[in-house]
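Colleague: sequence-free structure coming up:
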């Protein structure tokens, strides 16, 4: 197929150590041992939310570190914050 746009290439984002520094060992190991799965998740997030690779990686790192908190945060972001 046609080549990917530059921002979709894995080299466009931060290196795996960036995940380690941002969110700790869980997303780091996800990137190191399952790079294809990680990359697919990042590309899907980029497409669905229309964000940069760096922002998508940050969100995926947060998700892999704590999926429950990540899902709640995403829902709050979409609805404009927590409502009582």
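Modeller: Received, thanks. For clarity, every value in this text was computed on a predicted model and none was experimentally measured.

Colleague: can you pull out the helices in the protein?
Modeller: 16-23, 25-33, 35-49, 53-65, 67-79 (DSSP state H).

Colleague: shaky segments in the chain?
Modeller: Filtered on pLDDT under 70, the chain yields the residue ranges 1-13, 15, 17-21, 23, 70-71, 75, 78-84.

Colleague: give me that answer again for 50
Modeller: 83-84 (pLDDT under 50).

Colleague: rewinding a little: determine which stretch of the helices of the chain is the most buried.
Modeller: Compared across the helices of the chain, helix 53-65 shows the largest average neighbour count, a mean of 21 (mean count of other CB atoms under 10 Å). For every residue, glycine as well, the C-beta is placed using N, CA and C.

Colleague: what angle separates it from helix 25-33?
Modeller: 110 degrees (axes from the mean of the first three to the mean of the last three CA atoms, to 10 degrees).

Colleague: packing partners for helix 53-65?
Modeller: When contacts are defined as 3 or more CB pairs under 8 Å, 6 or more residues apart in numbering; DSSP states H and E, helix 53-65 sits against helix 16-23, helix 25-33, helix 35-49, helix 67-79.

Colleague: repeat that for 7 Å
Modeller: helix 16-23, helix 25-33, helix 35-49 (3 or more CB pairs under 7 Å, 6 or more residues apart in numbering; DSSP states H and E).

Colleague: Distance to residue 66 for the ones you listed - can I get that in JSON lines?
Modeller: Shown next, in JSON lines, are these (distance: least, CB to CB, whole Å):
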{"stretch": "helix 16-23", "distance to residue 66": "8"}
{"stretch": "helix 25-33", "distance to residue 66": "8"}
{"stretch": "helix 35-49", "distance to residue 66": "15"}
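
Colleague: Which one, of the ones you listed, ends up nearest to residue 65?
Modeller: Checking the helices and strands packed on helix 53-65 against residue 65 by CB to CB gives helix 16-23 as the closest, at 4.1 Å.
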